[in-house]
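1. fold the following for me, if possible:
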Amino acid sequence: MWRACRLVVDHWNAFHALTAQQAIDFMMANTALTKQNIEVEVDRYISWPGRRRRQDRAIEILELRKLAEQGLAGFDYTKIS
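-> Below you'll find the predicted structure:
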């Protein structure tokens, strides 16, 4: 649940005017973390918006690259003019 809440807070922080207190209240209501842990997390996401999504996108790009490499196995790049 903590990871899901981090994504929600990260998204709302990046695209909407979410205050730190709103983020803290949301995470307090939906996770089992201590208030101190939540405040550290919220501070991190407010100071670096979009961080979680970038990590997810990087993983997705690597997966797509692997699929592309598998799909292009046997393709002869030397014949490209």
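
2. tell me which helix or strand in the protein has the weakest average pLDDT.
-> helix 51-71 (a mean of 70; mean pLDDT, DSSP states H and E).

3. which stretches in the protein count as helices?
-> With helices called from DSSP state H, the chain shows them at 2-15, 20-30, 35-47, 51-71.

4. for Lys79, give me the pLDDT.
-> Predicted confidence (pLDDT) for Lys79: 67.

5. still on that earlier bit, with mean neighbour count added, can I get the helices of the chain in a markdown table?
-> C-beta: built from backbone N, CA, C; applies to glycine. Compiled in a markdown table, the helices of the chain are given as follows (neighbours: other Cβ atoms under 10 Å):
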| stretch | mean neighbour count |
| --- | --- |
| helix 2-15 | 16 |
| helix 20-30 | 15 |
| helix 35-47 | 15 |
| helix 51-71 | 11 |
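
6. surely Ala20 meets Asp43?
-> Yes. If you go by Cβ atoms under 8 Å, Ala20 and Asp43 touch, sitting 7.4 Å apart.

7. grab the nearest non-local neighbour of Trp2.
-> Thr31 (4.8 Å; Cβ to Cβ, 6 or more residues apart in numbering).

8. separation between that neighbour and Trp12?
-> Per Cβ to Cβ, to the nearest Å, Thr31 is found 15 Å from Trp12.

9. still on that earlier bit, list the contacts for the residue nearest to Trp2?
-> By Cβ atoms under 8 Å, 6 or more residues apart in numbering, the contact list for Thr31 reads 1-2, 5, 38.

10. where's the dip in pLDDT among those residues?
-> Trp2 (74).

11. just checking, it touches Leu33?
-> Yes. Counting by Cβ under 8 Å, Trp2 touches Leu33, with 6.2 Å between them.

12. the contacts of Thr31 into CSV, with extra columns for distance to Leu64?
-> Conversion of the contacts of Thr31 to CSV gives the following (distance: Cβ to Cβ, whole Å):
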residue, distance to Leu64
Met1, 28
Trp2, 27
Cys5, 27
Ile38, 34
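
13. what's the most distant pair in those residues?
-> Spanning the widest gap among the contacts of Thr31 are Met1 and Ile38, at 12.5 Å by Cβ to Cβ.
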